[in-house]
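Could you work out the structure for the sequence below:
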Amino acid sequence: GPAICLVILPFLTTPAQALAALTCAVGCTAFTQAGFLVNFQEIGPKYAGALHGMANTAGSIAGMLGTYLTGAVLEATGSWRGGLFCTP
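Predicted coordinates:
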């Protein structure tokens, strides 16, 4: 799925190949949303909104830290490979 596409991304040589890999990664990620969003209704229908808010907050914090850490890896190595290998 998405992890495989992101792992092969640093080895691709043309922009068209990179675009195809990123498109595949985002497309495969869409398959996870159907199961992800239903879980909150199944776990606790009464608290689905609060549960979704907590999960969204955790995801946002991870996104902020990931952006910073990817920049640090990029500066340290001068290559996107390290950041892309940490992504999956």
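
Check what pLDDT the residue nearest to residue 81 when sequence neighbours are not counted gets.
Of all residues not flanking residue 81 in the chain, residue 10 sits nearest, at 4.3 Å (C-beta to C-beta, 6 or more residues apart in numbering). Heads up, the C-betas are built off the backbone N, CA and C, glycines and all. Predicted confidence (pLDDT) for residue 10: 86.

can you count the residues close to residue 10?
Residues contacting residue 10 under the criterion other C-beta atoms under 10 Å number 15.

With residue 66 instead?
13.

Same question for the helix or strand hosting residue 50: list its buried residues.
Taking DSSP states H and E as the criterion, the element that holds residue 50 is helix 48-77. For helix 48-77, the neighbour count (16 or more other C-beta atoms under 10 Å) marks 48, 51, 70, 73 as buried.

so who does the third one touch?
Going back to what we said before, that points to residue 70. Residue 70 is in contact with 83, 86, counting by C-beta atoms under 8 Å, 6 or more residues apart in numbering.

So what does the residue of the chain positioned farthest from its centre look like in phi/psi?
For the chain, the residue at maximal distance from the C-alpha centroid (C-alpha atoms, centre = their mean) is residue 46, at 28.6 Å. Dihedral pair for residue 46: phi -70, psi -30, per degrees, to the nearest 10.
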